[in-house]
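Q: Got a sequence here, can you model it:
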Amino acid sequence: MLTCVTALYDIGREAIDGRSILEYTSYLKKTLQSIKVPTIVFLDPTLKLKDAILLIDSSIIVLEIPFEETVMWQYKDRIDTILKTVRHKNPRDITNRISGYCMIQYNKFDFLERAITINPFNSTQFCWIDAGLSRFFDTSKQYTSRNIYSAKFHVQTSYSTIPQLLPDTYIGTNTCILKGGCWYMDTTSFRLVRDEVMRIWNKEMMSMGRIDNEQIALAVAYQKIPDIFQLCVSDDQIGKIFSEIFITI
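A: Here you go, the predicted structure:
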């Protein structure tokens with residue numbers, strides 16, 4: 001069985017690029033209405049959305065955790081300092097404009113770990129889906145998961161061969177060679193990837209006074225543990241990996 005994991009937090013994005021939390025709330029509801037798979041939603045309690053989400057499907061598990069209690073919050077001051085003092089290649093990119101963005105992106109790995117630890121649906125496979133994933137698939141249909149098992153970390157990319165990516169030249173480019181919207185994996189491959197991503201976050205980013213989003217860290221991680229990854233190659237946003245995971249009902 002597959003468990004999907006997602007999250008919705010208000011990071012104050014609307015003031016930065018105009019994308020409101022109301023838009024993302026709508027995206028999340030459409031995502032949950034369309035994807036009929038056992039799902040755990042990590043939720044910002046200030047949004048007061050738990051009851052509305054449970055009305056979509058009472059089997060959804062909603063875990064409300066304040067942003068300040070998520071694992072990445074400990075880095076907020078360090079991120080703020082980097083954003084204020086470092087000259088960024090792409091200063092208009094959301095990654096370089098608000099600390100909450102990087103925190104919520106890397107929190108994906110902790111949310112997945114929490115879901116795997118409690119494993120309420122006794123799953124062997126886990127899938128991360130962004131709350132806004134409904135922007136990229138036909139929400140007039142409903143989907144369930146295929147009968148899948150893989151010991152790899154599946155991620156979508158438009159590259160059939162990943163070029164050599166060095167931390168010193170790749171971190172800070174905001175060039176997302178691996179996609180962040182949808183992944184699936186077993187617990188072993190997830191933890192290997194998670195550990196390498198967090199090593200990169202701490203050793204290649206925080207301690208070096210530089211920053212980039214989780215898609216960049218995944219691509220750097222791929223350089224070290226490529227055998228743990230399975231690339232789903234397509235030029236669109238999620239189509240290839242989505243079709244591997246889900247079928248229409």
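
Q: Buried ones in the biggest helix by length in the chain, by neighbour count?
A: Under DSSP state H, the helix in the chain containing the largest number of residues is helix 99-118. Of the residues in helix 99-118, those buried by neighbour count under the rule 16 or more other Cβ atoms under 10 Å are 99-116. To be clear about C-beta, it is placed using only N, CA and C from the backbone, and glycine gets the same treatment.

Q: these two touch, right, Gln164 and Tyr222?
A: No: using Cβ atoms under 8 Å, Gln164 is not in contact with Tyr222; the gap is 10.4 Å.

Q: Comparing these two, which residue is more hemmed in?
A: Under the criterion of other Cβ atoms under 10 Å, the comparison of Gln164 against Tyr222 puts Tyr222 first, with 22 against 7.

Q: ok, back up a step: need the next SSE after the longest helix of the chain, C-terminal direction.
A: Using DSSP states H and E, the helix or strand that directly follows helix 99-118 along the chain is strand 125-129.

Q: Next SSE downstream of that next one?
A: strand 143-145.

Q: Whatever helix or strand comes next after that next one - which strands sit beside it in the sheet, and in what orientation?
A: Stepping forward along the backbone from strand 143-145, the first helix or strand reached (DSSP H and E) is strand 153-157. When pairing is defined by DSSP bridges, strand 153-157 lines up against strand 178-185 (antiparallel), strand 229-233 (parallel).

Q: got the end-to-end distance for stretch 139-153?
A: Using Cα to Cα, to the nearest Å, the span of stretch 139-153 from its first residue to its last is 26 Å.

Q: Relative to the whole chain's centre, how far out is it?
A: Distance of stretch 139-153 from its chain centroid, counting by Cα atoms, centre = their mean, to the nearest Å, is 16 Å.
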